[in-house]
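*Asks:* this one's sequence-less:
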């Protein structure tokens, strides 16, 4: 069982930056692919970016060049650095951990990010 706690959300102006953190407990994160997802009102939850245990990354086209996902396995923490933010980035951001072999998934409670125009 993995517990995930997100932090770092808030209100930012267009063009600003935020850094989200996802602290994990209950298991060794080296076994998990970590991801950030987001869900805006009326929309489905969508993938933002993922990072493998070996720190390989992939991100959605909408955020490439602006958002960077990373992880610190020693601290059992994943991060999402968001730069040059836009109003359409407004959403609840969720941290996800997926076990590489069993594919068991765990979610955090979400953190609100609001970008004002």
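*Replies:* Cool, got the structure. Because the structure is a prediction, the values reported are computed rather than measured.
*Asks:* Nearest spatial neighbour of residue 4, chain-adjacent residues omitted?
*Replies:* residue 108 (3.7 Å; CB to CB, 6 or more residues apart in numbering). (Each C-beta comes from the backbone N, C-alpha and C, glycine too.)
*Asks:* For residue 84, which residues are in contact?
*Replies:* Contact partners of residue 84, counting by CB atoms under 8 Å, 6 or more residues apart in numbering, are 15, 17, 66.
*Asks:* Now, of the residues you listed, which are buried?
*Replies:* With neighbours counted by 16 or more other CB atoms under 10 Å, the contacts of residue 84 contain no buried members.
*Asks:* Including distance to residue 33 and pLDDT, could those residues go into JSON lines?
*Replies:* JSON lines is the format used below for those (distance: CB to CB, whole Å; pLDDT from 0 to 100):
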{"residue": "15", "distance to residue 33": "31", "pLDDT": "98"}
{"residue": "17", "distance to residue 33": "25", "pLDDT": "98"}
{"residue": "66", "distance to residue 33": "22", "pLDDT": "98"}
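*Asks:* thinking residue 38 is in contact with residue 91, fair?
*Replies:* Yes. With contact defined as CB atoms under 8 Å, residue 38 counts as touching residue 91 (3.8 Å).
*Asks:* now residue 49: how far from residue 74?
*Replies:* 21 Å (CB to CB, to the nearest Å).
*Asks:* So these two - more neighbours on which side?
*Replies:* More neighbours surround residue 49 than the other of residue 49 and residue 74, with 20 against 8 (other CB atoms under 10 Å).
*Asks:* same for the one helix or strand that one maps to, what does it pack against?
*Replies:* Using DSSP states H and E, residue 49 sits in strand 46-51. Strand 46-51 sits against strand 32-39, strand 57-59, strand 67-72, strand 77-82, with contacts defined as 3 or more CB pairs under 8 Å, 6 or more residues apart in numbering; DSSP states H and E.
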